[in-house]
Structure formats: C-alpha cells, structure tokens
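J.: predicted model, plus sequence, below.
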Amino acid sequence: MTDALIQTFRRQGRACQNLGSPFHAALLALAADDLEGGWDGAGLFAPWAEADAMAMFADAVPLRFLGGLHDMVLEGADAELAAAYPAPGRAADPARAWAAARAAVAARTERLAAFMAHEPQTNEVRRSVCLIGGFLEVARASGLPLQVFEIGSSAGLNLSFDRYRYDLGGACVGPADAPVRLDTDWSGPAAPVDAPLQVAARAACDRRPGDLTDPAQRRRLLAYIWPDQFERLGRIRAAIDLALELGVKVDAADAVAWTRERVAPRAGRATVLFHSVFWQYMPAESQAALAAAIADVGARAGAEAPFAWLRMEPAPPSMAAMEVRLTLWPAGEDRVLAEVHPHGAWVKWAG
Ligand SMILES: C[S@@+](CC[C@H](N)C(=O)[O-])C[C@H]1O[C@@H](n2cnc3c(N)ncnc32)[C@H](O)[C@@H]1O
C-alpha cells in the first residue's frame, strides 16, 4: 500500500500545485517524504490497504486527508495546526503545518478517520461563471422564462446562479447588489448578457445533499476548499449565507429516477436540465439510463416548450480542462459553448 499511497500523494500534490494551492502541494510533498521514511499515518489509510494508486486517487484519499486537517483548523480544534495554516495577511508555513499535522494525526486519529470515511462533498460556486453563458444562451434562443433542474447539486449553491453578479471580461450581468460576485478570465466573443434571463422555477437533487443548516456539514464544504484560496473561501461563505437566506432546497434522490419523475417540457417555459462535475460519479449503467431519460425529455420538447441540457464536465481526452456543452431541443442541436477551468478561473467562450 505504501508505494501506491506515496504515488497518490505526489500526483495529488502536482494537481494542487497546478490548480493553485501551493500550500497543499507542499503538505503533500512533506507527507509523501515521511511515508517514504516509514511514517504510517497512524492507520488512517488502512481502509485503502488493498487499493492501487489509481483507485486511491479516484477515491480522493489525499483530499480526504487534507480536508480532515482543514476541518480541524476551521473548527478551532487544534491551535498549533491553525497557527501554521495560511490566513489572509499571513503566509503559510508548510513545514510547521506538517509537523503540527503529524502531531494531530497521532492525537486525533479517530476524528480524522471519521472525517475521511465520507466521500468528499464539494460544491464549487464559481462553476456558475462557466454555466451562466449557457443559461443566457437558452434565454436568448427561446425568449422564454426558464424552469431549471439541477442534478448532482451537492448543497445547491449553483442553483441560485441568477442571483449572483458576474463580470464576464467586462460584460456584466446579474443583480448589481448581489452578495455573491463572480468574475473570471474571459476570452472569446462576449456572452449574450442582454438576453432576458428569468428563472420562473427551480429544483435540484443530489444522492447525498449537503444540509447547510447543520454547522458540521457547512464546515465540511468549507474544509474541501483549499486553505490558501481565500477568494474561494470568501465566495463559498457568501453563497452559503445567501442559500440559507433563500431557503434553497435539494431533494435527496438519485439523478436518474428524479429526472424521469420531475423533468418534463412545459409550454411557455424553457426547461433546462443542468449539472457540473457530476457525470463521472455515476456507474456506466446509470449514465446510459440518464442519457436515455434526457433523450426522452428532448423527444417531448416543442417550439413552445423547448428543452436544454446544459453541462460542465471534464472534456476527454485530456480531462484537465472542462467543457460546457449545450443540447437544445426540439432540434436536438448539440454544441460546445466553452472550454473552462475546473473551478471557473477562466472561460474560453466559443458561443
Ligand atoms: C463533485 S460533486 C459536484 C457538485 C456540484 N455540481 C458542483 O459542481 O459543485 C458531485 C456530486 O454528484 C452527486 N452525485 C453523484 N452521483 C449521483 C447520483 N447518481 N444521483 C444524484 N447525485 C449524485 C454527489 O453526491 C456530489 O454531490
């Protein structure tokens, strides 16, 4: 197991470096060095004893570990660890943080193991900046109010996308006084920001929705944001506050059954089914069943009741960037709207 674990930590470290968390990259490098030197992680990684490096990476073992440490920092459960973590106006000290983390692993093994037993639960608000162009495009093409359905919604933070303010490379859209403000490095033609975007109805599901009214679950969402990414942390905090104020609700349901039951074209509305970074978490049979359910909704769409399937998912073969794709019925026209950064840092808009 140790070789696979070391390999996984180093691979995740490179990914963190590339995606803008030098602090996590440094912690993972130090952890991998110590694993090479014989550190055993106090048994925290035992549940993956039989897993190879690929399976461990897919299971996000290093991210679970880092999430567990950050969760302790956010709760104020470990003062020494918290003191070495990055904070606005204070540089991170990875060597001190790693020493404190090793002590925390020894002293708080059970708490960390309990955190790591759950699969990561993330909800990236800035993905709305990748999707907003698609919603605008549907509004522009249909001229109708939207009824939107999100699957794999997590805590539902992207369901309120129309309540956020966007700066899309100087073209702005959304309420000017919105508490959640999203910008991105936009390239390509301008998004259709003058489209009549109005959301008449919204609903969402997740097989394991995050309950924002529960402080531990709120902290869990924050814990999976990388601690040296202060802007991301600020954005998710603002989005959580807004979601609590709006009473955002996410149904606990499997996406396939929920889509079959809930999503149908409706006259006078443009129906939009959307998702982000969700498809890969379904087994192949569910993917096929969901694709069939979506095609079935598409077959029932009409000129007065159009249906759009909008999604942001990894773009094969590189899987490093993601693409935003829109299929619009009744014609069933399918196109790639944009290539995007996984967390919305940039959008290459094709339009
Ligand atoms: C990586 S998260 C992305 C969450 C959110 N869409 C975002 O972009 O921030 C993937 C989500 O898909 C959910 N999920 C995976 N399989 C599912 C299924 N079959 N039905 C409903 N939700 C599912 C998970 O529970 C998780 O919340």
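T.: Sure thing, it's come through.
J.: strands of the protein, start to end?
T.: 146-151, 165-168, 171-173, 181-187, 199-206, 251-252, 270-276, 307-314, 322-329, 333-340, 346-349 (DSSP state E).
J.: columns distance to residue 96 and mean neighbour count on top of the ones you listed, output as a markdown table?
T.: Bear in mind the C-beta positions are built from the backbone N, C-alpha and C, glycine included. Putting these into a markdown table (distance: least, CB to CB, whole Å; neighbours: other CB atoms under 10 Å) gives the following:
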| stretch | distance to residue 96 | mean neighbour count |
| --- | --- | --- |
| strand 146-151 | 41 | 24 |
| strand 165-168 | 37 | 19 |
| strand 171-173 | 42 | 16 |
| strand 181-187 | 33 | 17 |
| strand 199-206 | 37 | 19 |
| strand 251-252 | 41 | 14 |
| strand 270-276 | 36 | 25 |
| strand 307-314 | 35 | 22 |
| strand 322-329 | 35 | 22 |
| strand 333-340 | 36 | 17 |
| strand 346-349 | 33 | 20 |
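J.: let's have these in JSON lines, adding distance to the ligand.
T.: Output for those, formatted as JSON lines (distance: least, CB to the nearest ligand atom, whole Å):
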{"stretch": "strand 146-151", "distance to the ligand": "6"}
{"stretch": "strand 165-168", "distance to the ligand": "16"}
{"stretch": "strand 171-173", "distance to the ligand": "20"}
{"stretch": "strand 181-187", "distance to the ligand": "13"}
{"stretch": "strand 199-206", "distance to the ligand": "4"}
{"stretch": "strand 251-252", "distance to the ligand": "9"}
{"stretch": "strand 270-276", "distance to the ligand": "4"}
{"stretch": "strand 307-314", "distance to the ligand": "7"}
{"stretch": "strand 322-329", "distance to the ligand": "10"}
{"stretch": "strand 333-340", "distance to the ligand": "12"}
{"stretch": "strand 346-349", "distance to the ligand": "15"}
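J.: dump the ones you listed to CSV, plus mean pLDDT.
T.: Supplementary listing: the strands of the chain in CSV, determined by pLDDT from 0 to 100:
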stretch, mean pLDDT
strand 146-151, 98
strand 165-168, 98
strand 171-173, 97
strand 181-187, 97
strand 199-206, 98
strand 251-252, 98
strand 270-276, 98
strand 307-314, 97
strand 322-329, 97
strand 333-340, 97
strand 346-349, 97
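J.: reformat the ones you listed as TSV; add distance to residue 222.
T.: Formatted as TSV, those follow (distance: least, CB to CB, whole Å):
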stretch	distance to residue 222
strand 146-151	21
strand 165-168	22
strand 171-173	27
strand 181-187	18
strand 199-206	18
strand 251-252	21
strand 270-276	19
strand 307-314	22
strand 322-329	23
strand 333-340	23
strand 346-349	24
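J.: residue 31 - how many residues pack around it?
T.: Using other CB atoms under 10 Å, residue 31 has 25 neighbouring residues.
J.: which residues does the residue nearest to it when sequence neighbours are not counted contact?
T.: Closest residue to residue 31 apart from its sequence neighbours, by CB to CB, 6 or more residues apart in numbering: residue 9 at 5.5 Å. Contact partners of residue 9, counting by CB atoms under 8 Å, 6 or more residues apart in numbering, are 28-29, 31-32, 35, 62.
J.: restricted to helices, list those.
T.: 28-29, 31-32, 35, 62 (DSSP state H).
J.: the residue of the stretch 51-200 of the chain at minimum distance from the ligand: neighbour count?
T.: Nearest residue of the stretch 51-200 of the chain to the ligand, counting by CB to the nearest ligand atom: residue 152, 3.1 Å away. Counted with other CB under 10 Å, residues neighbouring residue 152 total 21.
J.: what about the nearest residue to it once chain neighbours are set aside, how many residues nearby?
T.: Excluding the flanking residues, the one nearest residue 152 by CB to CB, 6+ apart is residue 278, at 2.9 Å. Neighbour count for residue 278, taken as other CB under 10 Å: 19.
J.: residue 278 contacts residue 151, correct?
T.: Yes: with contact defined as CB atoms under 8 Å, residue 278 counts as touching residue 151 (6.4 Å).
J.: residue 109 touches residue 43, doesn't it?
T.: Yes: Residue 109 lies in contact with residue 43 (CB under 8 Å); the separation is 6.9 Å.
J.: between the two, which one's more packed in?
T.: residue 109 (14 against 11).
J.: who wins for most neighbours among the ones in helices among the contacts of residue 9?
T.: residue 28 (27 neighbours).
J.: mind listing what that residue touches?
T.: Neighbours of residue 28 in contact, by CB under 8 Å, 6+ apart: 9-10, 12-13, 16, 62, 66.
J.: residues in the stretch 151-300 of the chain within reach of the ligand, list them.
T.: Residues of the stretch 151-300 of the chain found near the ligand (CB under 6 Å from any ligand atom) are 151-154, 205-208, 254-255, 276-278, 281-282, 286.
J.: using pLDDT, spot the least trustworthy of these.
T.: Lowest pLDDT among these: residue 281, with 89.
J.: count of neighbours near it?
T.: 12.
J.: what do you get for residue 161?
T.: 25.
J.: gap between the residue nearest to it when sequence neighbours are not counted and residue 345?
T.: Of all residues not flanking residue 161 in the chain, residue 128 sits nearest, at 4.2 Å (CB to CB, 6+ apart). The gap separating residue 128 from residue 345 is 13 Å, by CB to CB, to the nearest Å.
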